[in-house]
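**Q** Next one to model:
(chains A, B, C and D)
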Protein chains: 2
Amino acid sequence: MTGPGTVRPGGRTARTREAVREATLAELAEHGYQGLTVDNVAARSGVHKTTVYRRWGSAEGLVADALELAAAEPWPVPDTGSAEGDLRALARLVQSGFADAEQGPVAAAFVAAAVQNPGAAKALHTFFARRHEDAAAVVDRAVERGELPAGTDSAEVVRAAVAPLYYRLFITGERIDEAVADRAGSAAFAAARAGAFTR
Amino acid sequence: MTGPGTVRPGGRTARTREAVREATLAELAEHGYQGLTVDNVAARSGVHKTTVYRRWGSAEGLVADALELAAAEPWPVPDTGSAEGDLRALARLVQSGFADAEQGPVAAAFVAAAVQNPGAAKALHTFFARRHEDAAAVVDRAVERGELPAGTDSAEVVRAAVAPLYYRLFITGERIDEAVADRAGSAAFAAARAGAFTR
DNA sequence: CGGGCTTTGCAACAAAAGTTGCGTTAAGGT
DNA sequence: ACCTTAACGCAACTTTTGTTGCAAAGCCCG
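**A** Numbers count the residues shown, from 1 in each chain, chains lettered A, B, ... in the order given. Down below sits the predicted model:
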């Protein structure tokens, strides 16, 4: 839960963990998951190669740990006043995140890691489960306001709003911009309003 | 275009290419992209390691070649008579493909490869571009029948129908079944009918 | 059916990735 | 302040991955 090296969480141990985590994120941003090697992370962090292998095991462990860290960070759930506005904002949040020069490459690297190694996959899945829980508020509010039909499955609406973005990014390789995000958000709203996501 | 070893397409060259392609698919099915090594493919195909390195370069080249081969295969575009039926069928096609014990792992491996190496990514993107072109017929027919508004962007509808499936499979790690596919297809239809995808 | 040229196999090599044993360092409790 | 022991650094080693030079094999053209 709390990551590698928990028996003795004090000074030195904590410092090396921090150094390695930081180095991992930097390497991911620069070279992606494919280019993430234990040797490079060790060199960059100033921690010895052997230590990294012993505490994290491999690149997989490094990514999972970094991802767990990222999952802890809070994020702003949109509240624009209207359901369609919120869903659009949600989609834009995803779009701008990947467009960002800093977060974008790291986020993409996380997905790349998750697609092919179980440890990172599990970490990413819990990350998204949390995000969906948070985002569900958007839909619940809309139902209360009467904008969306009662019994609407909130997670399903959220998925519909963001899925096309991930689909383009990682499957078809098409670029995404604000217009794409807006369309995805509006389409999710339209489908929900039509009752496509009621249980 | 036609793959490695095109200068002398005759007997032996063709045989080794076929053997390697087959071995690549088998390895992908068994161990996924992560477990795909040139050594294993060489051993399985009976072709020498050096030859594989020379003609395909790396695991990336192997996947790209196999993917190009898979892209050539035709697939049945649904024609159920109704737009919603077609979109549901489209989503089910994706769902059943990944559920299949043979195709599923290979398809997942293709995505895993594409997410992190440019060669496989390019091959996958052209693969999907072709599929989208074919699937556009579904929407075009619906517009002609008056089921969907004129000016509906066909590719956008198709994306909406299948994106949630890929999103669950590769991002959130949620299982997909027939019900999920049906909901995705119906939601895409509802959004399109509401005019969310008109230009 | 023979000679030139491509492709393959082979072995030896080079580089990168991962492991192990052991001595040293420094937390954390007393 | 001191002692126990987890965690680290270091060097040597093994395994895996990728490369190179050269000779043998076989396709394709005349």
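
**Q** hey, let's count contacts and neighbours off CA atoms from now on
**A** Fine.

**Q** interface residues of chain A facing DNA strand C?
**A** Contacts of chain A with DNA strand C, taken as C-alpha under 7 Å from any atom of the strand, map to A:8-12, A:37-39, A:49-50, A:53-54, A:57-59.

**Q** now, among the residues you listed, which is nearest to DNA strand D?
**A** The closest of these to DNA strand D turns out to be residue A:8 (C-alpha to the nearest atom of the strand; 4.2 Å).

**Q** What ranges does chain A have for its helices?
**A** In chain A, the segments counted as helices under DSSP state H are A:11-31, A:38-45, A:49-56, A:59-72, A:83-99, A:103-116, A:118-145, A:154-166, A:178-193.

**Q** re the thing from before, of the residues of chain A next to DNA strand C, grab the buried ones for PyMOL.
**A** Remark: buried members of these, expressed as a PyMOL selection using 16 or more other C-alpha atoms under 10 Å in any protein chain shown:
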select buried, chain A and resi 37+38+39+53+59
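
**Q** out of the residues of chain A next to DNA strand C, which one sits closest to DNA strand C?
**A** residue A:10 (2.9 Å).

**Q** Please convert the helices of chain A to a markdown table, extending it with distance to chain B.
**A** Below are the helices of chain A laid out as a markdown table (distance: least, C-alpha to the nearest C-alpha, whole Å):
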| stretch | distance to chain B |
| --- | --- |
| helix A:11-31 | 11 |
| helix A:38-45 | 17 |
| helix A:49-56 | 19 |
| helix A:59-72 | 11 |
| helix A:83-99 | 12 |
| helix A:103-116 | 5 |
| helix A:118-145 | 5 |
| helix A:154-166 | 5 |
| helix A:178-193 | 5 |
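
**Q** how about those, which one is nearest residue B:92?
**A** Shortest distance between residue B:92 and those, using C-alpha to C-alpha, is found for helix A:154-166: 16.7 Å.

**Q** Just the angle for that closest one relative to helix B:154-166, thanks.
**A** In terms of direction (axes from the mean of the first three to the mean of the last three C-alpha atoms, to 10 degrees), helix A:154-166 departs from helix B:154-166 by 120 degrees.

**Q** gap between the closest residue to residue A:98 other than its chain neighbours and residue A:41?
**A** Nearest non-adjacent residue to residue A:98, counting by C-alpha to C-alpha, 6 or more residues apart in numbering or on different chains: residue A:104, 3.8 Å away. As for residue A:104, its distance to residue A:41 is 20 Å (criterion: C-alpha to C-alpha, to the nearest Å).

**Q** Break chain A into its domains for me.
**A** Residue ranges for the domains of chain A, per automatic domain parsing: A:11-71, A:77-193.

**Q** Would you mind checking the average pLDDT for the last one?
**A** Average pLDDT, domain A:77-193: 96.

**Q** Likewise for the shortest one?
**A** Summarised as a single mean, pLDDT over domain A:11-71 is 93.

**Q** Give me the distance between the two termini of that domain.
**A** Distance across domain A:11-71, first residue to last, is 24 Å (C-alpha to C-alpha).

**Q** repeat for stretch A:27-44
**A** Start-to-end, stretch A:27-44 (C-alpha to C-alpha) is 9 Å.

**Q** how far does it sit from the chain's center?
**A** 19 Å (C-alpha atoms, centre = their mean, to the nearest Å).

**Q** Just the buried positions in that stretch, please.
**A** A:27, A:28, A:29, A:32, A:33, A:36, A:37, A:38, A:39, A:41, A:42, A:44.

**Q** and what of stretch A:182-199?
**A** Per 16+ other C-alpha under 10 Å, stretch A:182-199 contains these buried residues: A:182-198.

**Q** hey, C-alpha coordinates of that stretch in PDB?
**A** Taking C-alpha atoms only, stretch A:182-199 is exported to PDB below (Å, rounded to 0.1, in the frame of the first residue of the first chain):
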ATOM      1  CA  ASP A 182     -16.500  19.000 -26.600                       C
ATOM      2  CA  ARG A 183     -18.200  16.600 -29.000                       C
ATOM      3  CA  ALA A 184     -17.500  13.700 -26.800                       C
ATOM      4  CA  GLY A 185     -18.900  15.500 -23.800                       C
ATOM      5  CA  SER A 186     -22.000  16.600 -25.600                       C
ATOM      6  CA  ALA A 187     -22.600  13.200 -27.100                       C
ATOM      7  CA  ALA A 188     -22.400  11.600 -23.700                       C
ATOM      8  CA  PHE A 189     -24.900  14.100 -22.500                       C
ATOM      9  CA  ALA A 190     -27.300  13.500 -25.400                       C
ATOM     10  CA  ALA A 191     -27.200   9.700 -25.000                       C
ATOM     11  CA  ALA A 192     -27.800  10.000 -21.200                       C
ATOM     12  CA  ARG A 193     -30.600  12.400 -21.800                       C
ATOM     13  CA  ALA A 194     -32.200  10.000 -24.200                       C
ATOM     14  CA  GLY A 195     -32.100   7.300 -21.500                       C
ATOM     15  CA  ALA A 196     -29.400   5.200 -23.000                       C
ATOM     16  CA  PHE A 197     -27.700   4.800 -19.600                       C
ATOM     17  CA  THR A 198     -30.600   4.100 -17.300                       C
ATOM     18  CA  ARG A 199     -30.600   0.900 -15.400                       C
END
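
**Q** Excluding its own residues, what touches that stretch? List them.
**A** With C-alpha atoms under 8 Å, 6 or more residues apart in numbering or on different chains as the test, stretch A:182-199 has contacts from A:83-85, A:87-92, A:147-153, A:156-158, A:160-162, A:164-165, B:183, B:186-188, B:190-192, B:194, B:196-197.

**Q** Buried by neighbour count, from the residues you listed: which ones?
**A** Listed as buried from the contacts of stretch A:182-199 are A:83-85, A:87-92, A:147-149, A:152-153, A:156-158, A:160-162, A:164-165, B:183, B:186-188, B:190-192, B:194, B:196-197; burial here means 16+ other C-alpha under 10 Å.
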